[in-house]
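Peer 1: Following is a predicted model, sequence given first.
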Protein chains: 2
Amino acid sequence: MKTQLNTASRIIPAICLFAIALNPIPSALAAPGTVEQWGIYEIDLNGPTNGNPFIDVQFSATFDNGFKRVNVPGFYDGNGIYRIRFMPDTQGQWHYKTHANVWPLTKKSGEFTVTPPGKGNHGPVRVHDTYHFAYADGTPFIPIGTTAYSWLDAPKSVQEETLKTLANSPFNKVRMLVTEQSGRYHKTFMPPLWPFAGTPPHNWNLDRFNPKFFQLYEKRIGQLRDLGIQADLILFNPYGRWGFNSMTPAQDDRYVRYLVARFSAYRNVWWSLANESSFIRTKTVADWDRLGALVQHCDPYHHLRSIHNGPIPYDYNKPWVTHVSFQSRVAVKSPGSAGILRNIFQKHVVYDEVGYEGNGPARWADFSAQQIVHKFWCGIIAGCYVTHGDVSFVSFGGTMSGHSVPRIAFLKKILEDGPEEGLNPIDSDFEPRVAGQPGEYYLIYFGTETPTNWTFKLYKHGLTDGMKFKADVIDTWNMTTIPVPSEFVTKKKDRYYFVDANGGSISLPGRPYMALRIQRVDNESNQDQSVKPMEKN
Amino acid sequence: MKTQLNTASRIIPAICLFAIALNPIPSALAAPGTVEQWGIYEIDLNGPTNGNPFIDVQFSATFDNGFKRVNVPGFYDGNGIYRIRFMPDTQGQWHYKTHANVWPLTKKSGEFTVTPPGKGNHGPVRVHDTYHFAYADGTPFIPIGTTAYSWLDAPKSVQEETLKTLANSPFNKVRMLVTEQSGRYHKTFMPPLWPFAGTPPHNWNLDRFNPKFFQLYEKRIGQLRDLGIQADLILFNPYGRWGFNSMTPAQDDRYVRYLVARFSAYRNVWWSLANESSFIRTKTVADWDRLGALVQHCDPYHHLRSIHNGPIPYDYNKPWVTHVSFQSRVAVKSPGSAGILRNIFQKHVVYDEVGYEGNGPARWADFSAQQIVHKFWCGIIAGCYVTHGDVSFVSFGGTMSGHSVPRIAFLKKILEDGPEEGLNPIDSDFEPRVAGQPGEYYLIYFGTETPTNWTFKLYKHGLTDGMKFKADVIDTWNMTTIPVPSEFVTKKKDRYYFVDANGGSISLPGRPYMALRIQRVDNESNQDQSVKPMEKN
């Protein structure tokens, strides 16, 4: 005991206590002692290097602003440096105090001020109104994601290219693996960094992390954040051949805790427990239950949590699951089928794997751009969300070769121009082609149908006689929006529907992938003086 | 204490202990002392009439055959008669002994012999192979149900008519409410019998049952059994205006226990906790959890258990739920959408309300026969099942006026002629139009599509080169089955599919609602000497 204390004592002079604020824009570093709301306040301490600090040292801090107290886990970052990262959700004065099972890291305390968030900082994304997402400051977040599983295994130049591709894309979320895929997708080089100490393929010390690996992740997560992109981090996957799926439960738990301690202060982090969970034969449902609850327990900020399914879906009703992250090609073939999961789980549903655009030899990788765009629309009309994948980008990033992206950007713009509350199915069990907000906004998607006319007819919720609507004909593939040169005035038809008082209808071109947008014009929020009543067709 | 004992003593001379066997065919009553397997062995005892026997008396029996012991609850049937009904699942000698909290009903014992089941008695229906059903003796049970919610509220003559309609129909299951609907469907008379003592609409003693009501149910359940029809009993519903949804939890539990004690020995009973559960505003999810677990606990025979959903589905993952009983019109519009629930819950799925055939003013009641038949096929091809409803029959039985029934009978015959294991999706996420058993049997349904040709192409599972198949073109609406005058020989096409070695295809008439049946011919079970290879089209 004495020896240990002496060892600790000897380290005291070397302790360096400093706190810096990591801002989203590196050029705008705040002065020490302050951090913006939802920024990262980091406490770095020197501590022991002997033994196995990843296992031996327990280290955390309590942050307190007089109204709330947050316990934040710390982590060992190698070279005798221990860090705690805190993402404050409230402005004003905060105080902290560290706790540890080793002397040099304990009872350190300090004060700092949390300032208003900087430009573009809306906080972490939360579930909003059951089925949607919003940033912590209330700004709607419309998830339009893509997938680049192992982009951090690619050479540095490709990683930079990936960031450029994402910056110029509509995508505001990227699904990415933490641990490496098998090299089958990329045979020209081995990944330069690995999460554990040791050497590939199997010579690992699974009880020691490799801080450099995680430092790269943090750098890239921060860059994604600064681009306004959520990092949907996949903790486990069935693809690697490195033994990371055969760790002991204690090692799995330590890995999860380490990830959470390192990454959770990044406001753009989401936790995806696994990709294709049921393909991971070394894990049972009970393992996922435990790991999901562990993330829920140890993440002080309660970032979004889900798990992506293989052939046997996880039960998304479980309380730790914040939203449904679902793989299905068939469910997004129509709005009616896409809406079933939303109804079943009564949670936000994002179809995180619907097939990849490309010409791959595998049939999950040979979808046309039209099929992908159609799936996006089906999901959206069902009140759900859809994630993109491009065969040339999905494994290691770089550039995308498909043609769905501009159409997805076109759809995103429509959604951004739509109701803040998001789109909900209007009458899902009888007319699943219609989403919107009752009485205010309707988006009707005809999919593979090729109608030449649509008689104005809306389900009754939110409607009364005499409400005025304008309409646009949208070609989802050719990306055109043509206003209908007439207004429509609601009139009750029967116990279910309202029609136009003058029997109005809208001509459609008889092509597939058409949509209609119908917006109320005689209320305050949608007032548009430019629309004049004209003759109806 | 003494007084009580004396009271009990005075009853002793009146005790009448007898056991009779209720056979499926009343004319073939077995001698006392024997009962057929899965028949009803009933013990009747005289007991106290004072106080409230429904509450005051606890009464059960233990049945034992030397290998297993079954505890069976008894019930009070009025007029001082207490009964215990036992459905033995094993042939041979059985012994019983009664237990009670009142002296006259306790420690009665006896022996009886369980004989082989009679003709048509296959035992109760169980879940088979996760997604299907089979009788206890292993005979497949293909549920082809219909709905007659309140047929026991109708006049006796209509009840008899209902039985005749069912007897002449393809239906082998009927969904029926236990407690009455509101009179809005039937304004000409009030139901003649009520489950509780008292008078309608609200003058009830909810602590006393009305045995005559339950006796009628037992008579009808027995008649359904003798017709080979399962009684899917709905314990709670949102329709009545009699206060039966506002009982206390203790009263709800007593009602459930009483139903189980009375009905569970009938081998054709299923438990449906509710119709449209989320419309019952007086019950929470926790109530359904409790009531479902209660049925699971107190039914000695573990009859099938589910709950039918309103707009907010119950979580069918819960352990007490044996199968998914689901209301949806949209989910059964395509096999792809119908299969989602099967995949999610990994349980047998029966779509128990898909819209009713008829011309009702309500849009849930105005589906065409073609729509209903289409929904049946969509559900079946998804490896699920579908329940019929006819507007003229659904409330009070009588006769059916729709045109879907013969088409459903046609489908049922196809299923009966199909593989014993039932139909499973072959490749659901990529080609949801195909169900069957890999390598042996395929049913392909084109639904609203109108193809003129189908190139022989099957998903690889179960296939090797050189396997021979025959095919039939099925018109699901016109009820024709036309053999294709040629055989097909499998040849591997690529990493996913097999085609015909000679490039064979099948002509189709370009009408909707067509199907193909493809069956292996060069194995033992499907050998058919009448099929000769002929020229392919």
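Peer 2: Received the coordinates, thanks.
Peer 1: gap between A:K333 and A:V391?
Peer 2: Distance, A:K333 to A:V391, by Cβ to Cβ, to the nearest Å: 20 Å. Just so you know, the C-beta spots here come from the backbone N, C-alpha and C atoms, and that holds for glycine as well.
Peer 1: What residues does the stretch 301-450 of chain A have near chain B?
Peer 2: When proximity is defined by Cβ under 8 Å from any Cβ of the partner chain, the stretch 301-450 of chain A lies next to chain B at A:311-313, A:315, A:317, A:328-331, A:333-334, A:336-337, A:339-341, A:343-344, A:346, A:361-363, A:428-430, A:432.
Peer 1: and if you look at chain A?
Peer 2: A:311-313, A:315, A:317, A:328-331, A:333-334, A:336-337, A:339-341, A:343-344, A:346, A:361-363, A:428-430, A:432, A:495-496.
Peer 1: Which among those count as buried?
Peer 2: A:313, A:315, A:317, A:328-331, A:333-334, A:336-337, A:339-341, A:343-344, A:346, A:363, A:428-429, A:432, A:496 (16 or more other Cβ atoms under 10 Å in any protein chain shown).
Peer 1: Quick check, pLDDT for A:F189.
Peer 2: pLDDT, A:F189: 66.
Peer 1: A:Q37 contacts A:G123, doesn't it?
Peer 2: Yes. In this structure, A:Q37 is within contact of A:G123 by Cβ atoms under 8 Å, at 7.1 Å.
Peer 1: Give the residues shared as contacts by those two.
Peer 2: Taking Cβ atoms under 8 Å, 6 or more residues apart in numbering or on different chains as the criterion, A:Q37 and A:G123 both touch A:89, A:117.
Peer 1: The residue in the stretch 101-250 of chain A positioned nearest to chain B: helix or strand, and which one exactly?
Peer 2: Residue of the stretch 101-250 of chain A nearest chain B, by Cβ to the nearest Cβ: A:T130 (11.1 Å). Counting by DSSP states H and E, there is no helix or strand that carries A:T130.
Peer 1: Ramachandran coordinates for it?
Peer 2: Main-chain torsions, A:T130, degrees, to the nearest 10: phi 70, psi -50.
Peer 1: Report the separation between A:Y351 and chain B.
Peer 2: Taking Cβ to the nearest Cβ, to the nearest Å as the measure, A:Y351 falls 12 Å from chain B.
Peer 1: quick revisit: out of the residues of the stretch 301-450 of chain A next to chain B, which sit inside helices?
Peer 2: A:336-337, A:339-341, A:343-344 (DSSP state H).
Peer 1: Turn those residues into TSV, including pLDDT and distance to A:E420.
Peer 2: Shown next, in TSV, are those (pLDDT from 0 to 100; distance: Cβ to Cβ, whole Å):
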residue	pLDDT	distance to A:E420
A:G336	96	26
A:S337	97	27
A:G339	97	21
A:I340	98	26
A:L341	98	24
A:N343	97	23
A:I344	97	26
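Peer 1: possible to save those residues as CSV with distance to A:G51?
Peer 2: Shown next, in CSV, are those (distance: Cβ to Cβ, whole Å):
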residue, distance to A:G51
A:G336, 59
A:S337, 55
A:G339, 54
A:I340, 53
A:L341, 48
A:N343, 53
A:I344, 49
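Peer 1: List the contacts of the closest residue to chain B within the stretch 201-350 of chain A.
Peer 2: Proximity of the stretch 201-350 of chain A to chain B (Cβ to the nearest Cβ) peaks at A:S337, 3.4 Å away. The neighbourhood of A:S337, defined by Cβ under 8 Å, 6+ apart, consists of A:330-331, A:378, A:382, B:330-331, B:334, B:336-337, B:340.
Peer 1: follow-up on the earlier one: pick out the most distant pair among the ones in helices among the residues of the stretch 301-450 of chain A next to chain B.
Peer 2: Spatial extent of these (Cβ to Cβ) is set by the pair A:G336 and A:I344 at 13.5 Å.
Peer 1: Leaving out sequence neighbours, find the closest residue to the residue of the stretch 201-350 of chain A closest to chain B.
Peer 2: Of all residues not flanking A:S337 in the chain, B:S337 sits nearest, at 3.4 Å (Cβ to Cβ, 6 or more residues apart in numbering or on different chains).
Peer 1: need the helices for the stretch 1-150 of chain A, in chain order.
Peer 2: For the stretch 1-150 of chain A, the helices defined by DSSP state H, counting those that start in this stretch cover A:2-11, A:53-56.
Peer 1: For the ones you listed, which has the smallest mean pLDDT value?
Peer 2: Among these, helix A:2-11 scores lowest, at a mean of 32.
Peer 1: for chain A, which spans come out with low pLDDT?
Peer 2: Residues of chain A that meet the criterion pLDDT under 70 lie in A:1-32, A:182-189, A:524-537.
Peer 1: 90 instead, please
Peer 2: A:1-32, A:155, A:179-193, A:200-202, A:239-242, A:360-361, A:522-537 (pLDDT under 90).
Peer 1: A:V256 falls within a helix, correct?
Peer 2: Yes. Under DSSP: H, G, I helix; E, B strand; the rest coil, A:V256 falls within a helix.
Peer 1: The closest residue to it other than its chain neighbours and A:G66, how far apart?
Peer 2: Distances taken as Cβ to Cβ, 6+ apart place A:L294 nearest to A:V256, at 5.4 Å, with adjacent residues excluded. From A:L294 over to A:G66 the distance is 30 Å, taken as Cβ to Cβ.
Peer 1: thought the residue of the stretch 101-250 of chain A closest to chain B was touching A:Q346?
Peer 2: Yes. Using Cβ under 8 Å, A:T130 makes contact with A:Q346 at a distance of 6.5 Å.
Peer 1: which residues do the two both contact?
Peer 2: Joint contacts of A:T130 and A:Q346 (Cβ under 8 Å, 6+ apart) do not exist.
Peer 1: Give me the neighbour count for the residue nearest to A:V256.
Peer 2: 17 (other Cβ atoms under 10 Å in any protein chain shown).
Peer 1: any chance you could read off phi and psi for it?
Peer 2: phi -70, psi -40.
Peer 1: what's near enough to touch it?
Peer 2: Counting by Cβ under 8 Å, 6+ apart, A:L294 has contacts A:253, A:256-257.
Peer 1: ok, now A:A261?
Peer 2: Taking Cβ under 8 Å, 6+ apart, one finds A:73-75, A:85, A:298 in contact with A:A261.
Peer 1: most neighbours, which of those?
Peer 2: Counting by other Cβ under 10 Å, top hit in those: A:G74 with 26 neighbours.
Peer 1: Quick check: the gap between that one and A:V349.
Peer 2: A:G74 is 35 Å from A:V349, by Cβ to Cβ.
Peer 1: Enumerate every residue touching A:T34.
Peer 2: A:21, A:112-115.
Peer 1: Redo these as a markdown table? Include neighbour count.
Peer 2: Shown next, in a markdown table, are those (neighbours: other Cβ atoms under 10 Å in any protein chain shown):
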| residue | neighbour count |
| --- | --- |
| A:A21 | 20 |
| A:F112 | 21 |
| A:T113 | 17 |
| A:V114 | 24 |
| A:T115 | 17 |
